[in-house]
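Visitor: 3D model of this:
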Amino acid sequence: MAATVQNFGPISYQVMHNIDRDRWDGYKMGEHKLADGYIGETDHLVFELGTAQGQTPYTPMLEAIFCRHNRDDRPDGRDAPSLSVGDVIVIEPENGDMAWAYAVESVGFRPTYVTAEDRIGATYRALFIDR
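Guide: Prediction:
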């Protein structure tokens, strides 16, 4: 089966950091608290999507965001830790559709929901850096 070329961007996204210590089993709605993190846009991205099992149209973009927020020169390097298991990336599609949330897993990303009860309403920096 041939790969499909997909154009993205720029698309708005937000990083949410899981602040619970037992986050290594991944984010679970209703069980973990999330601090607001970086809000930004992707660059214009073009990906060739394969047919890998579990891959969504957003998987290549999520991988690009994950890489961006794990570099030494990441945009929020002074405000928050790098992305890791249990954190969540929220994608705002450019057509104004409903936002999609993806939990960072040990391998890949899992679609999820973020409830108002899970969001603590403060940034990671306010909670842990500016004390």
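
Visitor: is the most centrally placed residue in the chain bridged to anything, and to what?
Guide: For the chain, the residue nearest the mean C-alpha position is I89 (1.7 Å; CA atoms, centre = their mean). I89 has these beta-bridge partners by DSSP bridges: V15, Y102.

Visitor: so it touches A99, yeah?
Guide: No - counting by CB atoms under 8 Å, I89 does not reach A99; the two are 10.4 Å apart. The C-beta positions use only the backbone N, C-alpha and C, and glycine is treated the same way.

Visitor: buried set for the helix or strand where M61 lies?
Guide: Per DSSP states H and E, M61 falls inside helix 59-68. Neighbour counts over helix 59-68 (16 or more other CB atoms under 10 Å) mark T59, P60, M61, L62, A64, I65, F66, R68 as buried.

Visitor: closest to S82 out of the residues you listed?
Guide: Distance to S82, by CB to CB, is smallest for F66 among the buried residues of helix 59-68, at 9.1 Å.

Visitor: show me the helices in this structure, by range?
Guide: Using DSSP state H, the helices found in the chain span residues 59-68, 124-128.

Visitor: worst mean pLDDT among those?
Guide: Lowest mean pLDDT within the helices of the chain: helix 124-128, a mean of 80.

Visitor: list the helices and strands it packs on?
Guide: strand 34-41 (3 or more CB pairs under 8 Å, 6 or more residues apart in numbering; DSSP states H and E).

Visitor: for the helix holding M61, packing partners?
Guide: strand 4-8, strand 45-49, strand 88-92.

Visitor: tell me where the model's unsure across this protein.
Guide: 1-3, 8-9, 21-24, 47-57, 94-97, 131 (pLDDT under 70).

Visitor: what distance do you get for the nearest residue to S82 once chain neighbours are set aside to V15?
Guide: Nearest residue to S82 in three dimensions, chain neighbours excluded: N70, at 4.4 Å (CB to CB, 6 or more residues apart in numbering). Using CB to CB, to the nearest Å, N70 is found at 11 Å from V15.

Visitor: since that was my last question, I'll sign off now.
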